[in-house]
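Asker: Fold the following, please.
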Amino acid sequence: MAPGKSPAKSRCRLYVPDEIPVHGVFDAPRDQAHHVAHVLRLAAGDAVTVFDGRGHEYAGVIERISKSAVTLRVGDPELVNRESPLSVTLAQGISSGERMDFTVQKAVELGITAIQPLATERSVVKLSAERAAKRVEHWRGVAASACEQSGRNRVPEVFPVASLTGWLARVPSGALRLTLSLGAASTLRELPRPAGGIVLLVGPEGGLSRREQDDAHAAGFTPLRLGPRVLRTETAALAALACLQATWGDF
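Answerer: Numbering: from 1, shown residues only. You can find the predicted model right below:
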């Protein structure tokens with residue numbers, strides 16, 4: 001596997017989840033084609049990088065642009081690793097609108113492995129099953145776009161929305177379980193480096209209820225303090241992820 005070299009800044013990066021033909025010609029997915037043609041306003045002959053979300057990237061070029069399609073030509077796949085050495089799942093209480101989008105986007109930039117959206121007692125947004133499925137698809141698109149921007153070649157999983165209670169019963173064993181709490185005694189620097197993955201639980205606006213905090217503690221989550229100040233939910237999650245990367249990751 002190639003080392004984590006920096007992506008070429010001059011090249012547009014496009015996520016293509018379908019089969020990418022080696023040394024082949026194919027049409028970009030509709031959303032990416034629209035972005036290339038109408039947002040970036042690229043032209044035939046411009047260089048691009050295509051990645052499949054599973055670790056491979058391809059140097060490519062735009063063959064032609066029409067009203068309905070953008071045709072690409074790519075070369076050999078290259079397995080390029082820009083992933084964090086930490087495997088971190090962010091279990092995030094669903095926040096409203098742009099806050100949740102912002103959290104997903106920046107968590108991907110910070111190297112998150114997976115995101116678990118949680119319905120909690122204090123979640124402002126209450127989603128029906130149909131709306132929840134649509135929001136998850138939207139967040140997956142946000143995650144893919146963040147990979148295009150940040151140079152990641154693996155798209156983190158965004159799991160279906162789950163209730164906090166149901167999710168606590170099936171948290172993977174062996175992971176370091178952390179939850180943020182203003183009054184916690186422990187800080188990150190006091191904890192030993194984990195041997196396996198990390199699960200970080202963050203509440204929505206208003207935080208977790210007392211009952212939810214008690215349930216999390218009973219499920220093995222260690223309360224963690226991020227200083228004496230009250231942070232908004234999107235700030236708390238991203239600050240904690242940055243601290244994890246600086247302490248044990250690749251910052």
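Asker: tell me the contacts of Thr247?
Answerer: Residues in contact with Thr247 (CB atoms under 8 Å, 6 or more residues apart in numbering) are Leu188, Arg189. Quick note: C-beta positions are derived from backbone N, CA and C, even for glycine.
Asker: Off-centre distance for the helix or strand where it lies?
Answerer: Following DSSP states H and E, one finds Thr247 within helix 233-248. Mean-position distance between helix 233-248 and its chain equals 13 Å (CA atoms, centre = their mean, to the nearest Å).
Asker: Ok, stretch 115-124 next?
Answerer: Here stretch 115-124 is found 16 Å from its chain centre; the criterion is CA atoms, centre = their mean.
Asker: out of everything not next to it in sequence, what's closest to Arg211?
Answerer: Spatially, and ignoring its direct neighbours in sequence, Arg211 is nearest to Glu121 (7.4 Å; CB to CB, 6 or more residues apart in numbering).
Asker: no, scratch that, I was asking about Leu224
Answerer: Leu178 is the one closest to Leu224 (CB to CB, 6+ apart), at 5.0 Å.
Asker: and that neighbour, bridged to which residues?
Answerer: Leu200, Thr222 (DSSP bridges).
Asker: which ones are touching it?
Answerer: If you count contacts by CB under 8 Å, 6+ apart, Leu178 has them with Ile198, Val199, Leu200, Leu201, Phe221, Thr222, Leu224, Ala240.
Asker: Using JSON lines, lay out those residues together with distance to Arg170.
Answerer: Below are those laid out as JSON lines (distance: CB to CB, whole Å):
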{"residue": "Ile198", "distance to Arg170": "17"}
{"residue": "Val199", "distance to Arg170": "11"}
{"residue": "Leu200", "distance to Arg170": "16"}
{"residue": "Leu201", "distance to Arg170": "13"}
{"residue": "Phe221", "distance to Arg170": "14"}
{"residue": "Thr222", "distance to Arg170": "19"}
{"residue": "Leu224", "distance to Arg170": "22"}
{"residue": "Ala240", "distance to Arg170": "22"}
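Asker: Most neighbours out of the residues you listed, which is it?
Answerer: Ranked by the number of neighbours (other CB atoms under 10 Å), the contacts of Leu178 place Leu201 first, at 31 neighbours.
Asker: Would you confirm that Arg140 contacts Val158?
Answerer: Yes. Checked against CB atoms under 8 Å, the pair Arg140 and Val158 is within contact range at 4.8 Å.
Asker: Please name the residues that touch Leu90.
Answerer: Leu90 neighbours (CB under 8 Å, 6+ apart): Thr103, Ala107, Ile112, Ala114, Ile115, Gln116, Leu200, Val202, Ala237, Leu241.
Asker: in what helix or strand does the most centrally placed residue in the chain lie?
Answerer: Centroid check for the chain by CA atoms, centre = their mean gives Val108 as the closest residue, at 3.2 Å. Here Val108, judged by DSSP H and E, is contained in helix 97-109.
Asker: can I get the CA coordinates of that helix in PDB?
Answerer: The C-alpha trace of helix 97-109 is given here as PDB (Å, rounded to 0.1, in the frame of the first residue of the first chain):
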ATOM      1  CA  GLY A  97     -30.100  20.800  10.400                       C
ATOM      2  CA  GLU A  98     -26.800  22.200   9.500                       C
ATOM      3  CA  ARG A  99     -25.200  21.300  12.800                       C
ATOM      4  CA  MET A 100     -25.400  17.600  12.100                       C
ATOM      5  CA  ASP A 101     -24.200  18.200   8.600                       C
ATOM      6  CA  PHE A 102     -21.200  20.200   9.900                       C
ATOM      7  CA  THR A 103     -20.400  17.500  12.500                       C
ATOM      8  CA  VAL A 104     -20.400  14.700   9.800                       C
ATOM      9  CA  GLN A 105     -18.300  16.700   7.400                       C
ATOM     10  CA  LYS A 106     -15.700  17.800   9.900                       C
ATOM     11  CA  ALA A 107     -15.600  14.400  11.600                       C
ATOM     12  CA  VAL A 108     -14.700  12.800   8.300                       C
ATOM     13  CA  GLU A 109     -11.900  15.400   7.800                       C
END
